[in-house]
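Asker: I'll drop the sequence and a predicted model, then ask my questions.
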Amino acid sequence: MKFKSPPVNSLSLDFLTEFCISLEKLENDRACRGLIITSAIPRVFSSGLDITEMYGKSTEHYAEFWRAVQEMWLRLYSSNLGSSPAGGCLIALSCDYRIMAENPKYIIGLNEAQLGIVAPFWFKDTFVNAVGYRTAERSLQLGLLHSVPEAHQMGLVDEVVPEEKLQEKAVAVVAQWLALPDHSRQLTKTMMRKAVLDHMLAHREEDIQNFVKFISKDSIQKSLSVYMEMLKKKKS
Amino acid sequence: MKFKSPPVNSLSLDFLTEFCISLEKLENDRACRGLIITSAIPRVFSSGLDITEMYGKSTEHYAEFWRAVQEMWLRLYSSNLGSSPAGGCLIALSCDYRIMAENPKYIIGLNEAQLGIVAPFWFKDTFVNAVGYRTAERSLQLGLLHSVPEAHQMGLVDEVVPEEKLQEKAVAVVAQWLALPDHSRQLTKTMMRKAVLDHMLAHREEDIQNFVKFISKDSIQKSLSVYMEMLKKKKS
Amino acid sequence: MKFKSPPVNSLSLDFLTEFCISLEKLENDRACRGLIITSAIPRVFSSGLDITEMYGKSTEHYAEFWRAVQEMWLRLYSSNLGSSPAGGCLIALSCDYRIMAENPKYIIGLNEAQLGIVAPFWFKDTFVNAVGYRTAERSLQLGLLHSVPEAHQMGLVDEVVPEEKLQEKAVAVVAQWLALPDHSRQLTKTMMRKAVLDHMLAHREEDIQNFVKFISKDSIQKSLSVYMEMLKKKKS
């Protein structure tokens, strides 16, 4: 699956909806056992959550957006497909294996704190499962975006390869995962992820209410506005 | 304690029963404060669970076998003895310290997924406690068997020594552990392991039922048969 | 905040009480957003819990002392201030970032097991959150005190700097933390630490009862007496 939503594959409501539909189709396609997620746009996998979906909209819109973000994670984190994305963080963390291209300009992380917002608990859980508690605590509190070597060293990505080897390596990794009997691999994955998935499902509505209430606050909208201004200035 | 059940110290029902009886005797012997578990058979600590106990037998037999595996873990993981095995995984993970001999041919890991079966949750918990969540997730899903340097690097073994120094090192490690006041060391161990032990005890019967139901399936029996054929071919 | 309670900044009842009062003042001072904890006494941050408060006193005294230890941790571990201590373990573990001065004589760790006592569960939880389960299990069971490079490698301290750079580095780190929007950083910290804090609060009285009962035992008082004798001999 190649993301292609210019300029930076932001996770908008439309993008997420389409992503979930595609994922469902692939899950139901018995011929498809593995999935490689990468980007058709040079130098970017995904910029993460689309801030414009969280700014100046109705509470109904915020709730709808958040439900779509949850849906994407629930589908991907519990997916029976062996998956290996080529970069990114939000989606990458939900896959089975993360390969990142060597490039001094590439960064990956959950930088919510820099925007004046907070990563939800199920992102935190997924992040902690990847890099451990202490590394996650510092990274999330500071909203850090990590360079490729840093991300590799802390376990946020599993492997780093030259840009031109990315596709080849991803195919090789999926092959390694699919060499196992499907039911063993899937039952093991379910066993590993069950606690975090169940915790989210048990608090799903509450999590949406929290997000809507939080993001609707004037002070938070102000923070987002400041951050977007800063991004605009950076670009120009 | 030196395992000696040729050819590869498989954990059969008989082996496990005898192991538990020996362990109980040692626990009740006030003169015995520490335990070194190693193998009297060259080049192998233990091949792990005896597959023949899980193939073509009655459900009663499966249940009896599984209860014996549980019993071994419960005794060893909660043991008051300071213990230091010389290799292996199933038993090694339940001890206090793992020393492995340097040898390019030695491997260690939980390879259930390769056999078409699944490691039970309490093995998973013990494995995660040793190497962390992410490393365990990948290793268990792929049923990996790790080389000595790999096992050392990921924390599956605590120390690697030349083959001829194994016994000497094990004795030194046990001495280090026994230098502490027994009650402090034991209470600390209990505090650390309580959650995982309690979780297993609360689901023990359910875990046996699950194992019996799973292992009795035709498809799983087929997987085991294929795996055993492959092993035979490898040997010849 | 500079500890100055000669000779070794022991955490006595008086020291803890004063520490909490100072901390409360700073928390309520809106001009104060960050905190650096260090020592005014050369070559020592803090020797840890004051053993004399746990030896030969009344059960009421033990309970009062333990409540003060809990209070210190509860305040510091949940503090909204960005904090960066310069060393130590008991207090350091409750802060956001740990910087240690390079010095072959410096050590850090939770050595309760060496004294014949046991670290309480909330110390264990905090320790595990910093260094991971396996490292904590071994370190706590053996009551290890780690050298600076060891502490750095295992994640017990986040950074090591030459002695003369300590203050400068601490100021830089606090600045990095305070660059984030306060509410994001604080909410993220609360989310990360909530489980461990809630667990302690739910068992606080029980934990005091346990401590008092344990420390009042003749055998434990004997252990402490032996340990204090050993310390005295070491000094002379």
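Answerer: Thanks, I have it. Computed from a predicted structure; not experimentally measured. Numbers count the residues shown, from 1 in each chain, chains lettered A, B, ... in the order given.
Asker: secondary structure class for the residue nearest the centre of chain A?
Answerer: Nearest to the geometric centre of chain A sits residue A:90, at 1.4 Å (C-alpha atoms, centre = their mean). Under DSSP: H, G, I helix; E, B strand; the rest coil, residue A:90 falls in the coil class.
Asker: for it, what are its contacts?
Answerer: A:11, A:46, A:48, A:49, A:110, A:123 (C-beta atoms under 8 Å, 6 or more residues apart in numbering or on different chains). To be clear about C-beta, it is placed using only N, CA and C from the backbone, and glycine gets the same treatment.
Asker: Top of those residues by number of neighbours, please.
Answerer: residue A:110 (25 neighbours; other C-beta atoms under 10 Å in any protein chain shown).
Asker: would that residue count as being in a strand?
Answerer: No: counting by three-state DSSP, one finds residue A:110 to be coil, located in no strand.
Asker: Now the residue nearest to it when sequence neighbours are not counted: phi and psi?
Answerer: Nearest non-adjacent residue to residue A:110, counting by C-beta to C-beta, 6 or more residues apart in numbering or on different chains: residue A:119, 5.0 Å away. With angles defined as degrees, to the nearest 10, residue A:119 sits at phi -60, psi 140.
Asker: State the pLDDT value of residue A:119.
Answerer: Note for residue A:119: predicted pLDDT of 87.
Asker: From chain B, how far out is it?
Answerer: In this view, residue A:119 and chain B are 18 Å apart by C-beta to the nearest C-beta, to the nearest Å.
Asker: count of neighbours near that residue?
Answerer: For residue A:119, the count of nearby residues is 23 (other C-beta under 10 Å).
Asker: And for residue A:5?
Answerer: 19.
Asker: same question, residue A:147
Answerer: Using other C-beta under 10 Å: residue A:147 sits among 15 other residues.
Asker: quick one: it from chain B, how far?
Answerer: For residue A:147 relative to chain B (C-beta to the nearest C-beta), the value is 20 Å.
Asker: Report the contact partners of that residue.
Answerer: Shown in contact with residue A:147 (C-beta under 8 Å, 6+ apart): A:104, A:106, A:107.
Asker: and chain A, which of its residues are near chain C?
Answerer: Neighbours of chain C within chain A, by C-beta under 8 Å from any C-beta of the partner chain: A:112-119, A:121, A:124, A:132-134, A:136-138, A:140-143, A:219, A:223.
Asker: what about the strands in chain A?
Answerer: Counting by DSSP state E, one finds strands in chain A at the ranges A:2-3, A:10-11, A:34-35, A:38-39, A:48-49, A:82-83, A:99-101, A:107-108, A:146-147, A:159-161.
Asker: The first one pairs with which strands, and in what direction?
Answerer: Note on strand A:2-3: by DSSP bridges, its sheet partners are strand A:38-39 (parallel).
Asker: model confidence over the strand it pairs with, on average?
Answerer: Mean predicted confidence for strand A:38-39 is 79.
Asker: Reformat the strands of chain A as CSV; add distance to residue C:54.
Answerer: Shown next, in CSV, are the strands of chain A (distance: least, C-beta to C-beta, whole Å):
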stretch, distance to residue C:54
strand A:2-3, 60
strand A:10-11, 55
strand A:34-35, 58
strand A:38-39, 59
strand A:48-49, 51
strand A:82-83, 54
strand A:99-101, 51
strand A:107-108, 48
strand A:146-147, 44
strand A:159-161, 50
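Asker: Pick out the shakiest of those, pLDDT-wise.
Answerer: Ranked by mean pLDDT, those end with strand A:82-83 in last place, scoring a mean of 52.
Asker: list the helices and strands the helix ranked longest in chain A packs on?
Answerer: Longest helix in chain A by number of residues, with DSSP state H as the criterion: helix A:182-202. Here helix A:182-202 touches helix A:59-77, helix A:121-131, helix B:112-115, helix B:121-131, helix B:133-142, going by 3 or more C-beta pairs under 8 Å, 6 or more residues apart in numbering or on different chains; DSSP states H and E.
Asker: Can you give me the first-to-last residue distance of stretch A:24-35?
Answerer: Taking C-alpha to C-alpha, to the nearest Å, stretch A:24-35 runs 12 Å from one end to the other.
Asker: To clarify, my last question referred to stretch A:51-70.
Answerer: 16 Å.
Asker: That stretch - what's its average pLDDT?
Answerer: Here the average pLDDT along stretch A:51-70 is 85.
Asker: How many neighbouring residues does the nearest residue to residue A:221 once chain neighbours are set aside have?
Answerer: Ranked by C-beta to C-beta, 6+ apart and with sequence neighbours excluded, the top spatial neighbour of residue A:221 is residue A:55, at 6.3 Å. By other C-beta under 10 Å, the residues close to residue A:55 number 16.
Asker: Check whether residue A:55 really touches residue A:228, as I assumed.
Answerer: Yes: Residue A:55 is within contact range of residue A:228, at 7.1 Å (criterion: C-beta atoms under 8 Å).
Asker: circling back: only the buried subset of the contacts of residue A:147, as a PyMOL command please.
Answerer: Provided next is the PyMOL selection string for whichever of the contacts of residue A:147 are buried by 16 or more other C-beta atoms under 10 Å in any protein chain shown:
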select buried, chain A and resi 106+107
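Asker: need the contacts of residue A:147 in CSV with distance to residue A:60, can you?
Answerer: Output for the contacts of residue A:147, formatted as CSV (distance: C-beta to C-beta, whole Å):
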residue, distance to residue A:60
A:104, 43
A:106, 36
A:107, 33
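Asker: so where is chain A shaky, pLDDT-wise?
Answerer: A:80-88 (pLDDT under 70).
Asker: Which positions in it make contact with chain B?
Answerer: Counting by C-beta under 8 Å from any C-beta, chain A sits next to chain B at A:96-97, A:128-132, A:155, A:158, A:176-177, A:180-181, A:183-185, A:187-189, A:191-193.
Asker: hmm, 10 Å instead?
Answerer: For chain A, the residues in contact with chain B (C-beta under 10 Å from any C-beta of the partner chain) are A:82, A:96-97, A:128-133, A:155-156, A:158, A:176-177, A:179-194, A:196.
Asker: Now restrict these to buried residues only.
Answerer: Among the residues of chain A next to chain B, those that count as buried by neighbour count (16+ other C-beta under 10 Å) are A:82, A:96-97, A:128-133, A:155-156, A:158, A:177, A:180-181, A:183-189, A:191-193, A:196.
Asker: I'd say residue A:126 and residue A:78 touch.
Answerer: No: Residue A:126 is beyond contact range of residue A:78, at 11.5 Å (criterion: C-beta atoms under 10 Å).
Asker: Report the buried residues of stretch A:93-105.
Answerer: Buried residues in stretch A:93-105, counted by 16+ other C-beta under 10 Å: A:93, A:94, A:95, A:96, A:97, A:98, A:99, A:100, A:101.
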